[in-house]
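Enquirer: Model the structure of this input:
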Amino acid sequence: MSRVVVGRITHRHEGELVVFHIGMTINQWWRVDKWLPIFGDMPRMLQELMSDPESGLLGSHILLGSSGPYLVQYWSSIDKLYAYASAPASAHRPAWSRFNKRARSAPKAVGVWHETFLVDRAESIYVSTPSMGLPAATEAVPVGSRQQHARQRFADGRTAGQR
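Expert: Residues are numbered from 1 along each chain as shown. Coordinates of the predicted model:
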């Protein structure tokens, strides 16, 4: 388990920031043959991205929702996100092909979804948590005296914590 960072932390980031949510909905839990291989593809893609500092992936956090796992990713640019998704040599392309093949053979078993956000402003606060989210993906900074409330952090520049 990660070390807990005691205190109130926010993030600082300059430049473009993209938040990408991607998830899997497991509609038929008993169809392990359809959803488990898809679940197994994500660690390979994350490993590929994190081993390449130029990929644009700043960080990610895996969560578990009621319908299945999902991943929150932070990217340095929309162009780098789309470049990875469409790169013929990336792990994403064959994983996407495998998903489509499985999905056609059992259309109700499993689904995938994603949402992409180009962030103009972001506010964050993490109190006594392990390093995660925006501070882990960008730069973690202590909450300053002018940033005690969410509205202040949100108004304090292009992204929270930025000076």
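Enquirer: and after the helix ranked longest in the chain, which helix or strand comes next?
Expert: Secondary structure assigned by DSSP state H gives helix 32-50 as the longest helix of the chain. Of the helices and strands lying after helix 32-50 in sequence (DSSP states H and E), the nearest is strand 57-65.
Enquirer: What pairs with that following strand, parallel or antiparallel?
Expert: strand 68-75 (antiparallel) (DSSP bridges).
Enquirer: got a list of contacts for the longest helix of the chain?
Expert: 24, 26, 28-29, 55, 57, 60, 62, 68-69, 71, 84, 90-92, 95, 98-99, 102-103, 105-106, 109-110, 112 (Cβ atoms under 8 Å, 6 or more residues apart in numbering). Glycine gets a C-beta too; all of them are placed from N, C-alpha and C.
Enquirer: what about burial for those, which qualify?
Expert: 24, 26, 55, 57, 60, 68-69, 71, 84, 90-92, 95, 99, 102-103, 109-110, 112 (16 or more other Cβ atoms under 10 Å).
Enquirer: Can you check what pLDDT the model gives the residue nearest the centre of the chain?
Expert: Ranked by distance to the mean C-alpha position of the chain (Cα atoms, centre = their mean), the top residue is residue 73 at 1.5 Å. On the pLDDT scale, residue 73 is placed at 97.
Enquirer: Quick one: residues contacting it.
Expert: 19, 20, 21, 22, 57, 59, 60, 81.
Enquirer: again, only this time at 6 Å
Expert: By Cβ atoms under 6 Å, 6 or more residues apart in numbering, the contact set of residue 73 is 20, 60.
Enquirer: Before I go, just wanted to say thanks for your time.
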